[in-house]
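# just the structure for this:
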Amino acid sequence: MPWDIWLFFLVLSLILPWRGRVRMRKLLARPHVNSIERLALYSSTIAFQWVAAALVAWRAWAHGFTAPQLGLTIRHGTRLLFASIVGAAAIAAFQWLNLRRVGRIPVEARGSVQAIAERILPQSSVELLPYLALAMTAGLSEEFLYRGFAMAVLVQVGFQPWAVVLLSSVLFGLAHSYQGRGGIVMTLLIGLILGTSRIAYGSLVPAIFWHSTVDVVAGTAGPRYLTPSAAAGAGKTL
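The predicted structure is shown next:
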């Protein structure tokens, strides 16, 4: 396997988790994150993810990876659409119920979840649209990086399907280590579901829909249950 492909794996496994933790530590060290800072966070993350996905796509194509290998196919369109919509609806319901459950826990017992929510979730209608753009970007770019590129490389190296799903999910979990241990575990479990769908459907389409749904619901329902004062400030938009 070419050296630059392994370099990307190094970035996914070490550099990205480190970068996320550093950025989150800086945010948590601040008593308050204002709207301009949140918008800057959203825009810089969107730009970074698109650049990363484009760079990886360029090198993958240069080394002969095909669209089917990367999950960039739409076969059995009706089946894919049905799975995408039904799965997204189920995930949205689960995410919403989980956020409502967390919202019923006393604030002082929520730990880092509360602190992170206060700093990164949109707290006004002005912040919501850029956040939704970020959610869609994450659904597309992260699925390409972890379920498209990473899984294609692991398959080509010779790993069994179960190992491919597991290893790509571990990388995905590490990328969200800024959320703490609970975030790593939860993201890893979500990665297992998304990775399984990638193999089952031979396409990234359902995983993109499902991933985007998780983030969209977090940004729309999260403020209502985790930062109610922010939800009031957002007015009817939230």
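# so residue 193 sits against residue 210, correct?
Yes - between residue 193 and residue 210 a contact is recorded at 7.4 Å, counting by CB atoms under 8 Å. Glycine gets a C-beta too; all of them are placed from N, C-alpha and C.
# and those two? Which one has more around it.
More crowded of residue 193 and residue 210, by other CB atoms under 10 Å: residue 210, with 22 against 17.
# can you pull the pLDDT of that one?
Residue 210 carries a pLDDT value of 97.
# which elements pack onto the helix or strand it falls within?
In this assignment (DSSP states H and E), residue 210 forms part of helix 205-226. Using 3 or more CB pairs under 8 Å, 6 or more residues apart in numbering; DSSP states H and E as the contact test, the elements touching helix 205-226 are helix 77-103, helix 112-120, helix 125-142, helix 180-201, helix 228-233.
# just the angle between that helix and helix 125-142, please?
Using axes from the mean of the first three to the mean of the last three CA atoms, to 10 degrees, the inter-axis angle of helix 205-226 relative to helix 125-142 is 150 degrees.
# pull out the buried residues from helix 205-226.
205-226 (16 or more other CB atoms under 10 Å).
# now do the SS call for residue 203.
coil (DSSP: H, G, I helix; E, B strand; the rest coil).
# number of residues surrounding it?
Neighbours of residue 203 (other CB under 10 Å): 24.
# need the contact list for it.
The contact partners of residue 203, by CB atoms under 8 Å, 6 or more residues apart in numbering, come to 71, 72, 73, 74, 75, 80.
# ok, those vs residue 90, which is closest?
The shortest approach to residue 90 among the contacts of residue 203 belongs to residue 80, at 15.8 Å (CB to CB).
# measure the residue lying closest to that closest one once chain neighbours are set aside to residue 211 for me?
Computed as CB to CB, 6 or more residues apart in numbering, the closest residue to residue 80 that is not its neighbour in sequence is residue 205, at 4.9 Å. With distances taken as CB to CB, to the nearest Å, residue 205 is found 11 Å from residue 211.
# cool, residue 45 as well?
From residue 45 across to residue 211, the span is 15 Å (CB to CB).
# and the least confident of the contacts of residue 203?
Ranking the contacts of residue 203 by pLDDT, residue 75 lands last with 83.
# okay, residue 152: pLDDT?
At residue 152, the model reports a pLDDT of 97.
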